[in-house]
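Visitor: got a sequence here, can you model it:
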Amino acid sequence: MSWLSRTPVRTFVLWPVVVVGADAALQGGFPRIELWALTLLVWGFLQYRLVGRYRLRHGGGGPGLSVAPERLVTAGPYRFCRNPMYLGHLIFLAGLALALRSWLGAAVFVAHAIWFQWRVRSDEERLTLLFGDPYRDYLSRVKRWIPGIL
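Guide: Reported below is the predicted structural model:
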């Protein structure tokens, strides 16, 4: 069960299986797919994966915050957005909802957006304790989610 407790497994494996399965059951067959929205699935997954590799290479630590980074990473994708890996999850889930035109997928997206907002606040507290003033400066310069907006 610990495998399913990992956020990437839930986002990129469990929720797609659940949403496709539920929509197939409700529609009496495999759901119709909006092909254009598949680009969001690919974008979100690649953003999560590639930014994760970047963070590990430049910040050390583990793949998540369970093993905190050893160095503060403010360059690369982190110069535009403080949470590009989490944003990758949300882009993927938005793509899932749009690709299937699924109300369940939309609900999963909204629930995760709320959950990631809560999780980010917790992560920011931990990182402030770990990195101090350089991290506070980073918080003041770089937006949490969307560059230049939010």
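
Visitor: okay, CA-based contacts and neighbour counts for the rest of this
Guide: Will do.

Visitor: roughly how far is the helix or strand of the chain with the lowest mean pLDDT from the heart of the chain?
Guide: Sorted by mean pLDDT, DSSP states H and E, the helices and strands of the chain end with helix 7-9, the least confident at a mean of 93. In terms of CA atoms, centre = their mean, to the nearest Å, the centre of helix 7-9 is set 9 Å apart from its chain centre.

Visitor: next secondary structure after that helix?
Guide: helix 15-27 (DSSP states H and E).

Visitor: go ahead and name everything in contact with that next one.
Guide: 30-31, 96, 100, 102, 104-105, 108 (CA atoms under 8 Å, 6 or more residues apart in numbering).

Visitor: quick check: which ranges of this protein have low pLDDT?
Guide: Applying pLDDT under 70 to the chain flags residues 1.

Visitor: so which residues of it form helices?
Guide: 7-9, 15-27, 38-59, 84-100, 103-131, 133-141 (DSSP state H).

Visitor: buried residues in the first one?
Guide: Think helix 7-9. Of the residues in helix 7-9, those buried by neighbour count under the rule 16 or more other CA atoms under 10 Å are P8.

Visitor: same check, this time on the second one
Guide: For helix 15-27, the neighbour count (16+ other CA under 10 Å) marks 15-16, 19-20, 22-23 as buried.

Visitor: and if you look at the fifth one?
Guide: Taking 16+ other CA under 10 Å as the basis for neighbour counts, the residues of helix 103-131 that come out buried are 104-106, 108-109, 112-113, 116, 120, 124, 127, 130.

Visitor: and those residues as TSV, adding distance to L46?
Guide: Shown next, in TSV, are those (distance: CA to CA, whole Å):
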residue	distance to L46
L104	23
G105	20
A106	21
V108	20
F109	18
H112	18
A113	19
F116	18
V120	20
E124	24
L127	25
L130	28
